[in-house]
Each structure stands twice: as structure tokens, then as C-alpha cells.
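Peer 1: Pasting the sequence and the predicted coordinates here, then a few questions.
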Amino acid sequence: MVKNTSKVIIRFRFSKLSDIKYISHLDLINLLIRALRRAKIPMLYSKGYHPKPKLSTAYALKVGWESVGEYADIILSKKLSTKTFVKRINDQLPQGLKVLKAKSVKLSQSLSSQINCMRYQLIFSYRPELVKRQEADLLLKLFTENMIGFNNQLSKNAKYFKEKLLNFKIRSLPDNIIIDFLIAIGSQDDLKINDLIKFLNSLENKRKFFLKRILRINMFRKDGDLLLSPFTLLK
Amino acid sequence: MDLKPINIYPLIDNVIKPSQYVGGELNSVHKDIKKCKASIVLAFPDLYEIGMSNMAIHILYNVINNHPDFVAERTFAPWLDMEEQMRKTDTPLFSLESRIAVKEFDILGFFVQHELCFTNIVNMLNLAKIPIEYKDRGNEYPIIIAGGPGVFNPEPIAPFIDFFVIGDGENVIIDILEKLSELKNKGFNKNEIIKEMGKIDGIYVPSFYDFIYKTDGSVKKIIVKDSFPKNAVRNIILNFGSFSQSLKLIIPNTQVIHDRFWVEIMRGCSKGCRFCLAGFIYRPVRERNVQSILNSIIQGLEETGYEEVSLSSLSSTDYSEIEYLLKSLKRNLEGSHTAVSLPSLRCDSFSVKLADLISQERRTGLTFAPEAGTQRLRDVINKNITDEDIYNCARAALSSGWERIKLYFMVGLPTEEMSDLDGIINIINKILIIAKTEVPKDKYSRIKINVTISPFCPKPNTPFQWVGQDSLEILDKKINYLKRKLKKKNVFIKIHDVHRSQIEAIFARGDRRLSKAIRIAWKMGCKFDSWKEQFSYDKWLTALKKDNVDITFYANRHREEDEIFPWEIIESGQNRKFLFKEYKKALNEQITPDCRLAGCNSCGLQEIIKCPIS
């Protein structure tokens, strides 16, 4: 039996892309644990009636959304180099799931309590049959104005919403409108990103474009003007 | 051939559990269909989560895809929301792997588990844009085949299926695909191919046979066309272990009902319970070598990462080296945080000892099936356990810390009287008394005795194929009696729907005329009939009425000894003489011992294979 004296924690960032985006959060946890078992990563198990590996994730991603910025902590029973960890686990992960980076730490606050904002990307596609190229700029303008409107509305409705949508950028590419934004999260006054999507989808010109992809880019701890990544937080 | 993959993404954005439609699991196989000599899509007429928990799908998928010339892909019944999307966008039923329309495959093979999936078969054919009846299908359509325990009376769905495969599929599926590719090469058309397939052992081509009925509705005569075989004799593989060795389970990315690794340790059961279809159609008992099981489990767990392994069989306690197997497993899996589960425990203290052996820190639930409440009725059904066995079993379980005991009973068994129901109540009362003495006071409140009551449904190819099912009124009366009497602290009772059981009974011994009622019911919206919330007895009643189906005739009627049954062509292995003798013995409350312990009972199997017992 392994002693529980010095905890070895590995924090890793991973992506969830393409078809694997359709599995639920619970499925993802099971899948990660099975992949870790296949990869022979020495994991520490919980005590009690149903021993489980101590794997904790940051924030669940909605079914159908993609991400290149998921994080999880796993407690190991033995030291293991992060390089070995990344290689072994990636050999066992199905397509679409990939560990991008891992860092070993001694002790840590829970991931979810450390993080307070996330960056997302919404990708809207034009319906080419409805939108002529010259119209696209108008759409972009409409989008921008509405996003500002949405933000203002939030700050008007509730004071604590004021900084929820921290910043956003809208770009137009030949086929897409891409909206990047940072959104604050918290336990009480959480702005559901769904509300934003619902709002954007309710725009009058909705017929001319459709939301093609929701991508979570990364998670941070916002400290004043500073954005700290979950890896920096480990220090 | 249109092998362009279907874009399924617009369909699955707003459906429940979209992961069930995308495939891409570990150990799924992606072959180039164009380069294969024959292709089959294995169709399971229920959801992915049910189908992927079925052993046969994994076994056949492996056997076929291990062959360099053949390819097998999978398809499952889409849930209602997905069906709506598919119909709205005119998307045909597609395979999970290549996402091409299932109608592009050479063969579409249904695995039929029970009668309540018949409407799903019809629905899947319709979703696949394939005409439902074979008489309406031209050369442009795949050959539709079906197998599994649900086709031991294939007649109610006979008009939908080109041919049935009876019994173990491991060998014969390759014979079928080899013959198919050979005949395709020779330029045979579909009907000619089906005709040739009829020559393979254990294949039943329904169009070769005509039924003539008496005025009372029973079968008068079966006319065999041309020189086709009089019987389709069940396929039985005797080298059963060798197939399992190289089995690579597909590991679902999403949760399924049985989310664990499994090894089939034994096939068949020789206990001879007279109500049990599985007990008759999987004989003889074939055990896998214990060392090979151990190797498969250790290797399989490493390759899959599963946290649980199930030792599957119809009666795992009866595996001859079960104790050695469990002890070795315990030793080998020490420290690996892997649970072992035994799905079918015999009701005795030996089973509890086995369960103790593999239990983890907390001892939660054990399940047993005494089936009937009195010795008399258990003799009738040949369930060879005594009251003492049951009490010893309960005592052993409760004293070693198991907190939940689940007991299965049936109502409506042949010759059953109210005193037999009182027997069930006595057993529960006695177990409660045992619990009082065996369980420490502070833990007593945790004890749960779960009692599951199922209406008995007579099945073809069993000694009770002559028996009528109790009417709904009688079943209701019996169940209500039990419900009333079992209202006790620590006892929780669960009842299987009598209406569903009646529909099951109608089709279990139905003939091909019932195919019409299935189509009518499907048209009215019946599907997923085995799902409690989907089953509509009203719709079924209307459908049966519309087609003038006499429920009593199919479900409740006692048959004469020499009645010709609709499933007469299927030879399950146990001959009619033996089954009838068993039926008579049942009525005389006589038991028949397990042939593995007391020698051959001449069930008929010895006439078709080299039975290890005789």
C-alpha cells in the first residue's frame, strides 16, 4: 500500500475536440480514469467503500462544446516525470482528447476555486445563400453593436454583472464571424454563457448566420489586470 | 452503391446523448468497405447503451472483422428525438463506423433478444428506407437476417426477414459471408443467394415454408417447398473457448448499461428449470478453461482500463472451478482497485461464500432467484432448491454483512395456487426473522429485502410451451394479494407490468399471421416496447383488435399434446418428446436432476451433436 504522506499532484491541460465533444462530463471523467489506468499511471485512490482515483477537473464543459483549455488535477501515488505522464496518457486517449501540458506540484487549492474567468470563442458561419460578401461587414457591425448593448444591459440590470463580460473582440473572416471574449465566473453571480448565446441567436439577422462552434480557449485567475494561467497559479 | 458518409452533425446537435451516434470507440474497426468481399451491419433493435452491453454484438463484430475479407459495422435504434431529426431531414439509418446508409451493405443482421423489440425492427427497416416485407424487396436491397434468443420462434417476424440464423453465430456467420462473396462473384441474384443459404445448417428461410391453418386457428400443416430441409437445426459450437481468447471488446466512450469488462466463462446451463428459455436453447454446458479465463481477464483489464470485470454465464456458481477462479482473481487483482462481479448466483450458502470472497469494503446487494414460494411449486418448475437453501443463503448473507437482498419470484406459474403465494410471503417473513437475529440492532434499519415479482410468460422450446398464461384478471389478483401482504418494513416490492407480459406471451408463441398486427402497432407509434414509459397497452390492444387477433388464443390457451406449433421448423436441440415428458413430470411435481450431476436425461441433444454428457 502507498502511504499518503507526500502528495504528488499533476495538473494537466487538455483539449476536447471533434466527435469526443459529444460525451458528457461524467463520461469524460470515466474515460480519463480508464485511460490513466491503461497508461499505468500510478494513481492514489480514495479511501472508503468505493475507492476512486483522485481526479478533479476545473469546470464541466457542456456537451457539444469544444475546448483547448481544459484542466484537471490528478493525485499520484508515486513520483512520475511530467514528460512520461504526457506521453503515456496521450498514447491511450481517443481521438480528440489530448494532454497539451502537464506540471507537477506538491500541494494545491482545488482548480475550480482558483479559477475565476474563462476565454471563449464563438464561431458563426454565414449562410452563403443568404449573405452576399458585401453584407458581411454590416452583419459584423450589427453583432458588435449588439454585444455592446448586451454588455450595457447587463451592467444596467445588476451591478455585479458589470464586469462579467470582461472584453470581447469581433473579427470577420471570409466565411466566419469570430467572437472572442473573456467571461467572469463565480459561484453566485455566474453569467451563464448560454444566456449570451441565446441572446446572439435571438438577433434578427440570425437566419443569415448560425453558430457553428463554441470553443473554450483557456481558464484564468484574474487578479486586477493580471491574467494568471492555472499553471502559474501553482507557484 | 452510395458510400458517401452521411453528415450527422446537424442531426445530433439537439438530441439526448449524442455520443451514442458518433462511434469512434477504442477497438472499433474501420475497414474500407469497397475492398471487402462482403459487408454486414450488425443491427441491435434497441439503444446503443443496451446493445453495447450485449455480448453477442461484441463477439460477432470480432469474429467478422478478424477475417481479412469481411467487414462488420454497427447500428442501433435511434431514440425518439433522433428519429424525429432523421425523418425531418430524410436521413436514412446509418452505420456507426462509416456513417453510410445501412441499405448499402450486403447484409443487415438483427440481433433479436426478445419479443418486445419486434416493432423496433420494423421501425429500423423503415428508417433504413428498406421495405418491411421480403416480398416487396428487390435486388437493390440488402439481405435481411436475424438471430439471437428471440428467434427461436421466428414466425411473428418471418415475413420481414430473408433468413434466420439459429443458435451460436460464431462459425456460421463466416460460412454465410463466404458463401455470399462466392455467389456474388458468380453473378447470383439476391433470391438465388438466399436459396443457397438455406442449405447451410441452422439457417431458416421462411419463404420456403407455407402454413395451413385449421378453423380453430392452430396450424394444420406446414408445407415445405421444393427440397428444402424439414428443420433448421440449431448451430452449436463445441470449441467455445477458442473464440473468446482473441476477443477485443469495443470500449464505449459513453456510459452503457453494463459498463465493465466481461468474460463469458461458460455457455449453457443444465439445471433444467422448466420455465427458462435460456436453459434450453444454449445447451450443452460448455466451460472455458480456467487458465484461459484468467489470462483474458488480466490482459483485458490492462488493455481496457475497466474497474470491474463480470464473470458471465447463465449460472456462474456452477462453473466447476469457480472457487479457484475467484481466489486466483483476488490474488492477481490485489491492489488494482478492480471489482469482480458474478451476475447469476445460485440461491445457497456456497454462493454467499463466493460473493464474500470477491466483495469489496462495503457489502451492498446480493441477488437470488427462488422463483416460487413453495417446495411443491419449485418441483413443478424444476428449480432444485429447498426452503433450507434459501434460509441458509439469507442467513449467510445477512450475517456476513450484506445489507440488501434481492429476490426474484414469478406469479402465474403452472399449477400455482394461493398457498404458493403464501409461500412467498412465508419466505420473506422468515428472512426478516433471520435478519433480526443476524444483524446488529443499530444496522437493522439498513436492511432491504427487495422482492421483484414477474408474471410468468410461457416460452416456446421449453416444457411449458403447452401452457396457457394466466389471464390479466388472475395475474392482477395474485399480484395485488402479494402487494397487500408484503407491505412490511424493510421490504420493497417491484412488479413487472402484466400488460407487457401479456403482449410478450402473445408473440412468444405467435405465428406469422401476427406480423400484420406488429405492423399496425408500429404504424400507431409502438416502439421501444420494452421501455416502461414507451409501452402503450392501449395502442397494442387497438392494433390487435384491428387485425382480429384473439389474445386468448395466443396467450392463455392450453395446447394439446400433438398440436403443431408455428416454431416446429426450428429444432432447438431438445426434442418434443423430451419437452412433453418434462411437462408431464411438472404436472406430477416430479423433478429432473441436472444432467451434469446425474447423467444424461436424453433431452435430444445427443441426436444432433456429440454431447459431452451422453
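Peer 2: Good, I have the coordinates.
Peer 1: Hmm, B:L47 is touching B:T75, no?
Peer 2: No. The pair B:L47 and B:T75 does not pass the contact test of C-beta atoms under 8 Å, sitting 11.6 Å apart. The C-beta positions use only the backbone N, C-alpha and C, and glycine is treated the same way.
Peer 1: Looking at these two, which is more packed in?
Peer 2: Set side by side, B:L47 and B:T75 show more neighbours around B:T75, with 27 against 21, by other C-beta atoms under 10 Å in any protein chain shown.
Peer 1: Could you confirm that one falls within a helix?
Peer 2: No. Residue state for B:T75 (DSSP: H, G, I helix; E, B strand; the rest coil) corresponds to strand; a helix is not indicated.
Peer 1: Tell me how far it lies from chain A.
Peer 2: B:T75 sits 17 Å away from chain A when distances are taken as C-beta to the nearest C-beta, to the nearest Å.
Peer 1: With B:G167 instead?
Peer 2: Relative to chain A, B:G167 is positioned 34 Å away (C-beta to the nearest C-beta).
Peer 1: count of residues packed around that residue?
Peer 2: Around B:G167 sit 26 other residues, with neighbours defined as other C-beta under 10 Å.
Peer 1: Tell me, domain by domain, which residues of chain B belong where.
Peer 2: Residue ranges for each domain of chain B read B:9-211, B:240-598, as given by automatic domain parsing.
Peer 1: Now do the last one: distance to the chain's middle.
Peer 2: Computed by C-alpha atoms, centre = their mean, to the nearest Å, the separation of domain B:240-598 from the middle of its chain amounts to 11 Å.
Peer 1: Kindly report the same for the shortest one.
Peer 2: Using C-alpha atoms, centre = their mean, the mean C-alpha position of domain B:9-211 is found 17 Å from that of the whole chain.
Peer 1: quick one on the thing from earlier: could you dump the domains of chain B into TSV and include mean pLDDT?
Peer 2: TSV is the format used below for the domains of chain B (pLDDT from 0 to 100):
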stretch	mean pLDDT
domain B:9-211	97
domain B:240-598	94
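Peer 1: Need those in CSV (columns: distance to A:T82).
Peer 2: Output for the domains of chain B, formatted as CSV (distance: least, C-beta to C-beta, whole Å):
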stretch, distance to A:T82
domain B:9-211, 24
domain B:240-598, 21
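Peer 1: tell me the most buried of those?
Peer 2: Per-residue neighbour counts averaged over each of those give the maximum for domain B:9-211, namely a mean of 20 (mean count of other C-beta atoms under 10 Å in any protein chain shown).
Peer 1: so how far does it reach from one end to the other?
Peer 2: Using C-alpha to C-alpha, to the nearest Å, the span of domain B:9-211 from its first residue to its last is 47 Å.
Peer 1: Repeat that for stretch B:559-568.
Peer 2: Between the opening and closing residues of stretch B:559-568 lies a distance of 14 Å (C-alpha to C-alpha).
Peer 1: Show me where chain A has its helices.
Peer 2: Per DSSP state H, chain A has helices spanning A:25-38, A:82-92, A:111-114, A:133-157, A:193-201. These are given in chain order.
Peer 1: mean pLDDT for these: which is lowest?
Peer 2: With a mean of 62, helix A:133-157 has the lowest mean pLDDT of the helices of chain A.
Peer 1: What residues does chain A have near chain B?
Peer 2: A:1, A:19-20, A:22-24, A:26-27, A:30-31, A:33-38, A:45, A:48-51, A:53, A:63-64, A:92, A:94-95 (C-beta under 8 Å from any C-beta of the partner chain).
Peer 1: Can you tell me which residues in chain B are near chain A?
Peer 2: Near chain A, the residues belonging to chain B are B:12-13, B:17-19, B:21-26, B:251, B:253-255, B:259, B:302-307, B:335, B:337, B:360-362 when assessed by C-beta under 8 Å from any C-beta.
Peer 1: Point out the ones among the residues you listed that are inside helices.
Peer 2: Among the residues of chain B next to chain A, DSSP H puts B:12, B:302-304 in helices.
Peer 1: From the residues you listed, pick the one nearest B:A598.
Peer 2: The shortest distance between B:A598 and any of these, using C-beta to C-beta, involves B:T304 and amounts to 40.1 Å.
Peer 1: and the residues of chain A next to chain B, which are buried?
Peer 2: Of all the residues of chain A next to chain B considered here, the ones buried according to neighbour count by 16 or more other C-beta atoms under 10 Å in any protein chain shown are A:19-20, A:22-24, A:27, A:30-31, A:33-38, A:53, A:63-64, A:92, A:94.
Peer 1: and the longest strand for chain A?
Peer 2: Here the longest strand in chain A is taken by residue count, with DSSP state E as the criterion, and it is strand A:209-223.
Peer 1: can I get the CA coordinates of it in PDB?
Peer 2: Included here for strand A:209-223 are C-alpha records, laid out as PDB according to Å, rounded to 0.1, in the frame of the first residue of the first chain:
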ATOM      1  CA  PHE A 209     -25.700  33.200 -39.900                       C
ATOM      2  CA  PHE A 210     -25.500  30.300 -37.500                       C
ATOM      3  CA  LEU A 211     -23.400  29.400 -34.500                       C
ATOM      4  CA  LYS A 212     -21.100  26.800 -35.800                       C
ATOM      5  CA  ARG A 213     -18.700  26.200 -33.000                       C
ATOM      6  CA  ILE A 214     -18.200  27.100 -29.300                       C
ATOM      7  CA  LEU A 215     -14.700  26.700 -28.200                       C
ATOM      8  CA  ARG A 216     -13.300  27.200 -24.700                       C
ATOM      9  CA  ILE A 217      -9.900  28.700 -25.200                       C
ATOM     10  CA  ASN A 218      -8.500  28.800 -21.700                       C
ATOM     11  CA  MET A 219      -9.200  29.500 -18.000                       C
ATOM     12  CA  PHE A 220      -7.500  32.000 -15.800                       C
ATOM     13  CA  ARG A 221      -7.400  33.700 -12.400                       C
ATOM     14  CA  LYS A 222      -7.900  37.400 -12.900                       C
ATOM     15  CA  ASP A 223      -6.000  39.400 -10.400                       C
END
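Peer 1: quick one: that strand to chain centroid distance?
Peer 2: For strand A:209-223, the distance to the chain centre is 7 Å (C-alpha atoms, centre = their mean).
Peer 1: Given it, what are its sheet partners and their directions?
Peer 2: Next to strand A:209-223 in the sheet, as set by DSSP bridges, lie strand A:66-76 (parallel), strand A:117-126 (antiparallel), strand A:226-228 (antiparallel).
Peer 1: same question for that strand, mean pLDDT?
Peer 2: Strand A:209-223 carries an average pLDDT of 88.
Peer 1: What are the buried residues along that strand?
Peer 2: Buried residues in strand A:209-223, counted by 16+ other C-beta under 10 Å: A:209, A:211, A:213-216, A:218-221.
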